[in-house]
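1. build me a model:
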Amino acid sequence: MQPIDPAAEPMTQQQVIDGIVAAFDSVEAVQSADSGGGGDWFLFFGAERRFPFATVVARDNDFDHLSRLDRDGVFRLNLGLSKPGFAAVFETARDEAWDYTALDRLMPHPMYARMHWVSVLNPSRLTFERLQPLLAEAYELAQRQAARRPSPERH
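-> Down below sits the predicted model:
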């Protein structure tokens, strides 16, 4: 029997959240107040918490059920990219039919791909490592957006 490669082991939802918080400065991880213990998390740059650069969701809702997050232990990591960043990731997969229930596979977000969001269900450690440049882009995009917002002191 072949030994299991530790890099191929799926990460837990908490490991993904902790990995993002540890990788970047000024990240706030906030659990949704209405998640009812469902474990939906929003990751923001800075304390303003205007719009998350990443989310980790563990439940379906009325308008987003294509990933079948109702399966035991399944969660989805979502990242908001720039239009060019999104295009670079999926330029060769434009017409692909996506199985939004597939685990450990980077794909366009089932509902927010038009807004340049990507997702992966239950990423393995290896996939999470490979996502680092995309996480960095999402984080840097959030930093730039925060820098463009007027600060409360300027009003």
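
2. got the buried residues for stretch 130-142?
-> Within stretch 130-142, the residues scored as buried using 16 or more other CB atoms under 10 Å are Leu131, Leu134, Leu135, Glu137, Ala138, Tyr139, Leu141, Ala142. Quick note: C-beta positions are derived from backbone N, CA and C, even for glycine.

3. gap between the last one and Val56?
-> The spacing between Ala142 and Val56, counted by CB to CB, to the nearest Å, is 15 Å.

4. likewise the first one?
-> Distance, Leu131 to Val56, by CB to CB: 12 Å.

5. and for stretch 60-78, what are the contacting residues?
-> 13, 16, 39, 54-59, 100-101, 103, 109-112, 117-123, 131 (CB atoms under 8 Å, 6 or more residues apart in numbering).

6. keep only those of these that are in strands.
-> Ala54, Thr55, Val56, Val57, Trp117, Val118, Ser119, Val120, Leu121 (DSSP state E).

7. which other helices and strands does the strand or helix carrying Ala22 contact?
-> In this structure, Ala22 sits in helix 13-23 according to DSSP states H and E. Contacts defined by 3 or more CB pairs under 8 Å, 6 or more residues apart in numbering; DSSP states H and E place helix 13-23 against strand 27-31, strand 41-45, strand 54-57, helix 132-148.

8. fine by me, thanks again.
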